[in-house]
Every structure is written in C-alpha cells, then in structure tokens.
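>>> give me the fold of what follows.
(2 chains)
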Protein chains: 2
Amino acid sequence: MTQSQGDGPSRRALIGWGGAGLALGAAAAGGAVAVTRGGEDSGPPDAGAGAAVAFHGPHQAGIATPVQDRLHFAAFDVTTTDRAEFVRLLKDWTDAARRMTAGKAVGEGAFGGLPEAPPDDTGEALGLKPSRLTLTVGFGPSLFRKFGLDARRPDALIDLPRFAGDALDATRSDGDLCVQACADDPQVAVHAIRNLARIGMGKVVIRWSQLGFGKTSSTTPDAQTPRNLMGFKDGTRNIAGTETGRLEKFVWVGEKDGPAWMTGGSYLVARRIRMHIETWDRTSLQEQEDIFGRDKGEGAPVGKAKERDEPFLKAMLPDAHVRLAHPDSNGGATLLRRGYSFTDGTDGLGRLEAGLFFLAYQRDVREGFVRVQRNLATDALNEYIQHVGSAVFAIPPGVRDQDDWWGRTLFSEEA
Amino acid sequence: MTQSQGDGPSRRALIGWGGAGLALGAAAAGGAVAVTRGGEDSGPPDAGAGAAVAFHGPHQAGIATPVQDRLHFAAFDVTTTDRAEFVRLLKDWTDAARRMTAGKAVGEGAFGGLPEAPPDDTGEALGLKPSRLTLTVGFGPSLFRKFGLDARRPDALIDLPRFAGDALDATRSDGDLCVQACADDPQVAVHAIRNLARIGMGKVVIRWSQLGFGKTSSTTPDAQTPRNLMGFKDGTRNIAGTETGRLEKFVWVGEKDGPAWMTGGSYLVARRIRMHIETWDRTSLQEQEDIFGRDKGEGAPVGKAKERDEPFLKAMLPDAHVRLAHPDSNGGATLLRRGYSFTDGTDGLGRLEAGLFFLAYQRDVREGFVRVQRNLATDALNEYIQHVGSAVFAIPPGVRDQDDWWGRTLFSEEA
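Down below sits the predicted model:
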C-alpha cells in the first residue's frame, strides 16, 4: 500500500484495511497533521484543496470557512419520537462528522472488522483527501414542535413569511434538520451526506437534497469572485471569513441575543432559486447590466471602473438588483452568502433546470433575509428568476471538543 | 485587468472586454500556448487541470483523452426539418466548440460588441481556465430517419435490444444528437452545453441531460482507479488512452468496417444506472465482495493480492460481476468506459436518486455493449441496480482543421 502524494493523508492511508500493514499509530499521526494544516477559518486560502478543516471550535465550520468548491445539502425529517434515541443519533453523527472531516472513514477501523456485517463506511471516499470537508448542522422550526421544545425556540428563528413571487414546492422546502456538506471534491461531500443518512436510518429520512456544482460567493476577499449562471460576479461585497467585526455584528449569535444555547450559533436561510436561463440569454447585454447594476465583464458598479469600487446606488435604475439588495437600502442588513450554482437536468420542456441554491447566514432572520427579500419585491431580476424552495434553520454553536456533540446546548441543558 | 495565475490562459484574459486594453494579438498567442500545452490523447496526465485539450485530430477528443473529473451530457432532438439549416448549426457548433475547448468565449470579441444585443457568450466561464474541456458529438439512429439518411446509417449503430431488467424512462432515453462535455471544472462543462443549446435555439432542443460529479473510470493506467458509489474501484482494466493497439481493435472504426464516413469514429452507449444505495449499504462486506468478485479496499480479484493482478475467473462465484463482464466471458468483447457517478437529489421516498451514468465507446455496438450486457443478465449486481435510461450514438471522426466541421463526412459527401 502506498501513501498518497501531495498534501493531506489519503483516506485510504488512514485505515488499516485490506491486509496492508500500516501502523495505526502512524495513521493517527497523519490525521493530526491534516487537521493542524487547515485551521478553521484561519487557514490560508492556499492551504490546498486536500487539507482538512478543524471540526472543533466555538462556531461550526462551514460558515466563515473559506467557501469550498462543491456542495451537497440535505434536509431531513425526524421519524423517531424518542428524544433519547434522537440525542444518540446526534452523538453518532458528531462522531462520524469528526472522522469524515479529518479525512477518515466512518467507524473505528473502517470496514475491516466483520465480513458478515455491512461496512461501517460506504467506501467511495477511500483514497480521497479530506478536501476541506465541512459538515454544518441546523435545526428547523418543526423540530422544536416535534420534541416539545417551543419554549426554547429562538425568536429569531421565525417561520418565513410568504414573499412576492414565491412559487414554493413543498417537496423542496422545510425540514426538521439540515446538514450542509461542503468540500472541494464533490465525491467527499456526497459520501458524507450519504453516510449520515445511513447512520440515521430508522430515525431520520432525507426530505430533500441539493447538489451544488460551483460556488457563487467567496468568503476570501482576495480570491477571484465567482460568477453565477447569469454570468455575473456574485458576492463581491460578501462578508469575509477574516472580518471578525462583521461576523460578530451580522452572523454570530451573541450572548445578549439569546437564547443562551444559541450563543456562537447562527441562522441559515436556504432558497432554491430557479433561473429562466433561456429567457435571460436572449436579453441584451445592456439590459442585463441595467438589471444587475454592475457591468458584466469586470463587475464594476454602474459608473465605476472596478469591481470593488464603492457602488453609487443613485446611478443605478431604481429596480436594479444591487441597489435593492445593498445594505444602505435595507437599514444596514447584511448577509453572509454561501450559495452554489445547480443544474438538475432538464425540465421536460427542453429548458435547463438550473439556477442558484442560495444559502445565507445571519444573526437574526428577521433583521437579515426577511428585510432584504421584502425589499427585493420590485427587483428587476424577478422577471428571470423564481424561488421554488425555501427553508430556515437555527445553526447551533460549534462542537467544542472530543466529548461535545451537535445540539448539546439545546438538548442537554434542559434535561 | 490581471492575467490569471498558474497554467493556461484564463478565459477572461482571452477577451478584450470591459474597457481593459489587452491586445488581441497577445490573446491569440495565449490561446495557442494553451492548445500546444495539452495535446489530444498524448498530453501527460500531469499537464494540469487548467490546460486545454486540442480540438483538431483524426478522432474526436473526449474518448481516448484522459478522463476529466466532471461531466455534463446532453441529448438533443432536432426540431428543424431543413437539412441546410441543420448543417449550418453543425458548423456554428463546431466554431463554438473550437473556441470553448481552447478556453475562449463564444463569438469573436465575446460580448464586447453591441450592448443592444444579447451577449454571444453567457459569461459564467469568464475567468476560468480551459479545464481540459472536451466536446464530443454523436448522431442517434433517429437522426438518420429524420433526414432520410437511412442508407448511410452504419450497420453497427443498431437500435439497442431490450435487456433483462431494463426499466427505461423514455424521457431519459434516446435523442437525435448528443454532446458529451467533460472538464475538470463543472462550471466549464455546464457552460459549454448551455451555450450550444443557446446557439441551437429553434433548431434543436435538449431532450434530456445529465450531470456527473465524479469519474468512475480512468483511461490513464498510472492514476488511482476511481471508486463508484458502491465503494468499489471501477475501471481497473479499462482501455488506456495510450494503448494504440487496443484502441484500434476495440474503439476506433477502421476503414474496412464501413461506412467510409465513420472511419476514425466510434460508437457510444449511454445508460443511466440507478443504484439502490440504501439496500446496498445494508449488505455485508463479504456479500458485496462476492458480488463484485473483487475485494473492496485494494480492489484485488478474488484470491489475488493486488488490484491489477490478473483475475482468476473460476475462483469467483458464477454470477460475480467481474466474472460476467470480463472479456474472456464475452468472446473478447472490450469496452472503453468513461462513466460518471451522479446524485440527483432524492426520489420522494427519502432515498438518494444516485448511481452511475455509464458511458462506453466501442468499434461496433453489436460486438461490444450488446454482447456484454446480454451476459450480465444473471449478474448478482442486478439486485442492487436498475437501468433507467438508454441511448446509442454514432460518434463521427474528429474535426481535422479550422475548415472542417462536426459531421462533415456524413452530411457533405452525400451532397
């Protein structure tokens, strides 16, 4: 058996399986190297696509972490009504997430143990690097109802109101739980969600899921801003993972915000936004630029030369997207965006079923997404897009150490 | 405007747009550098994910080319009945494919021309590298009927028979035309299909399409063999892009095979194979290995130590997959496989809609896929998979030079 080349230990090198004599001690040491290489939020963007992101910390990884290239997102419904069983699942999930984000297979010794049992790990990520995998868990409003936790439900976690133009599909909306898997290798992200679903069999079931093939926002200010499927740069003024002040102000739930169990957490709004690609593609360049309020090539705001020049909102049309979405038009409201482009085949009419899977983190949903989305009711872009899926989740704080687990502050303090 | 870092010119650097003063001569030179860097089939695997693959050659790229990481595949129906209009489309597509595979935007000068017109290029690949994009075109049986070309239809391009276990969905099957887009960056592959669809508006319409997030086979013998979603290595004994002898014998249509217009071409069978992931995941390791005829960790054939050891078929169960698919069990039949894993959300029952999008190239469909698939009727794997989509295409020879175009040997020699 050969060690993998390049940075980060390979998943395959981390298991002592297949008759090879890799010492377990060496494998453990390799895992540690990977984790220290890519520190949460603080790892340099050039740490390499193969590195591991630290799992433990005051905040969950996958929010301020530099945005990875690929996404697999799943919303689950909880089918068990047994709270203790659900808590056991959260602990099992945490163990599995801790291993997978470090580039290890699920289960001790991977599937080397008993040939007569199903493998602990489904195996398709063996040999792949940690790939900056992050797993971020969230709790939907319906989970609080299901477990009689309404008194602990944060005020900031509202049921989203209906917005102008919404055409929501119930089978692509809501969910008791969510897991956001982001990685630079899509096979690693898909593997992670699949293994969590497998571990949850009989207790949770996937309600809907979404693959994202390309990031549309960056949280690293020096990186090239990605383009969405309308061809425009997206996320130019996004909150960077290094901007501690803006993160505290707009993203992380503070001690004074309450409830206490959410301190260090955040709130996630997920929206599946279908783009009417073919209509957009027949629109003139001038109209496209007027609608966005930026030019298409450079991404400069109307009347400015460079992408990062300060926008002059009054130079834009009143219904320009950038103008309506800007914090100055929304009482300062600012979201940390982490969306991905998707293409899910064709819609039966020969049109690409494609668009933006919008993910936004915020300190309070009422002061964040709701405010901005209400203001976008007159957005010129609305002619070319439609919101077809919607969900909102409370993102609990990070897992502090080896003994901690996802949701402990919610489920054990009350007990 | 800054030039991109790393290997290969960026798409953005190749257009003189956005008020930047990049000389067109320099851009053209940059394009040439990219093309010479990654020669078709002969480029070293370490040429870098950003490099360009040559578009011109005796064979189309995307067959013997080292397999790229991501796929976007589209089948089209032709809506025009005007043969001259269809030929013009093939020429327009060829021009666009020539530019996009070199990392350039569609259209001369990209969307710099007229603000009152829709842009020539949809823009979402600006700034991205060529990413080893290949575009491979194919003609389905129905195309020959549509244009009265039955006399020129190759005998080797049969309508596929029905196979045991087939559960084909007509909306995921067949098509007059196909385009296989492979690239190391999925946004580049998606961009290419979308722009071809846009150019074809009013003449062709997408019938179905498929995104593949991870390759399951490799055509480079030294690379690590990828794993499919069952966790097993897939494609260990695949034909390598450097094996000229096996390519001539099993993949490329020869002069004596006929018809003359197909010399240098190939035949493609595409099958969407749904995997019953959740059932598979509950199967014991021993049973999984018995079904495949290889061990899961190393990939060694039953009774052997290493992945590439020669399989001893009689050591395997009679219905083991590797045994039944092996050339020795099929009169020597050998396919060049180029499949991709897919995950398209959930099936409404909480199960992942996931599996293998199987792509196989061969010199004669009757001697290739049909023979092997018939023999797989008793495959133990069939309990865990189902073929739900199917299509077959004649892949014409490569575009020779700047004046040549996709399908010329079929559509102009007759004229």
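>>> in chain A, mark out all the strands, start to finish.
Taking DSSP state E as the test, the strands found in chain A are A:70-78, A:134-139, A:177-183, A:204-212, A:214-215, A:266-275, A:336-337, A:340-346, A:352-362, A:385-395.
>>> how many other residues sit next to A:Arg308?
As a burial measure, A:Arg308 scores 13 neighbours (other C-beta atoms under 10 Å in any protein chain shown). No exception for glycine: its C-beta is placed from N, CA and C like everyone else's.
>>> so A:Asp404 is in contact with A:Thr94, correct?
Yes - using C-beta atoms under 8 Å, A:Asp404 is in contact with A:Thr94, at 7.5 Å.
>>> more neighbours: which of these two?
Set A:Asp404 next to A:Thr94 and count neighbours by other C-beta under 10 Å: A:Thr94 wins out with 21 against 16.
>>> that one and A:Phe411, how far apart?
12 Å (C-beta to C-beta, to the nearest Å).
>>> go on, A:Gln187?
For A:Gln187, the distance to A:Phe411 - C-beta to C-beta - is 32 Å.
>>> ok, now which ones touch A:Met201?
Counting by C-beta atoms under 8 Å, 6 or more residues apart in numbering or on different chains, A:Met201 touches B:Glu278.
>>> could you list everything the nearest residue to A:Phe393 once chain neighbours are set aside pairs with in the sheet?
Closest residue to A:Phe393 apart from its sequence neighbours, by C-beta to C-beta, 6 or more residues apart in numbering or on different chains: A:Gly138 at 3.0 Å. Note on A:Gly138: beta-bridge partners by DSSP bridges are A:Cys178.
>>> same thing with A:Arg227?
A:Lys233.
>>> OK, contacts around it?
Applying C-beta under 8 Å, 6+ apart to A:Arg227 gives the contacts A:Thr216, A:Lys233, A:Asp234, B:Gly123, B:Glu124, B:Ala125, B:Leu126, B:Gly127, B:Gln187.
>>> burial count for the one residue in the stretch 1-150 of chain A that gets nearest to chain B?
Residue of the stretch 1-150 of chain A nearest chain B, by C-beta to the nearest C-beta: A:Gly123 (2.5 Å). Neighbours of A:Gly123 under the rule other C-beta under 10 Å: 29.
>>> grab the nearest non-local neighbour of it.
The shortest distance from A:Gly123 to any non-neighbouring residue, by C-beta to C-beta, 6+ apart, is to B:Gly231 (2.5 Å).
>>> identify the residues contacting that neighbour.
So B:Gly231 contacts A:Pro119, A:Asp121, A:Thr122, A:Gly123, A:Glu124, A:Leu126, B:Gln288, B:Lys296 (C-beta under 8 Å, 6+ apart).
>>> repeat for A:Asp69
Neighbouring residues of A:Asp69 by C-beta under 8 Å, 6+ apart: A:Ala49, A:Ala183, A:Asp184, A:Pro186, A:Gly214, A:Lys215.
>>> give the bridge partners for the last one, please.
Going by DSSP bridges, A:Lys215 is paired in beta bridges with A:Tyr340.
>>> just give me the longest helix of chain A.
The single longest helix within chain A, with elements called by DSSP state H, is helix A:83-101.
>>> in helices only, show me the contacts of B:Gly231.
B:Gln288.
>>> from the contacts of B:Gly231, which is closest to A:Arg338?
Checking these against A:Arg338 by C-beta to C-beta gives A:Glu124 as the nearest, at 24.9 Å.
>>> against A:Leu410, how distant is the closest one?
Counting by C-beta to C-beta, the gap from A:Glu124 to A:Leu410 is 32 Å.
>>> identify the residue nearest the residue positioned nearest the centre of chain A in space, chain neighbours excluded?
Nearest to the geometric centre of chain A sits A:Gln180, at 4.4 Å (C-alpha atoms, centre = their mean). The shortest distance from A:Gln180 to any non-neighbouring residue, by C-beta to C-beta, 6+ apart, is to A:Thr136 (4.3 Å).
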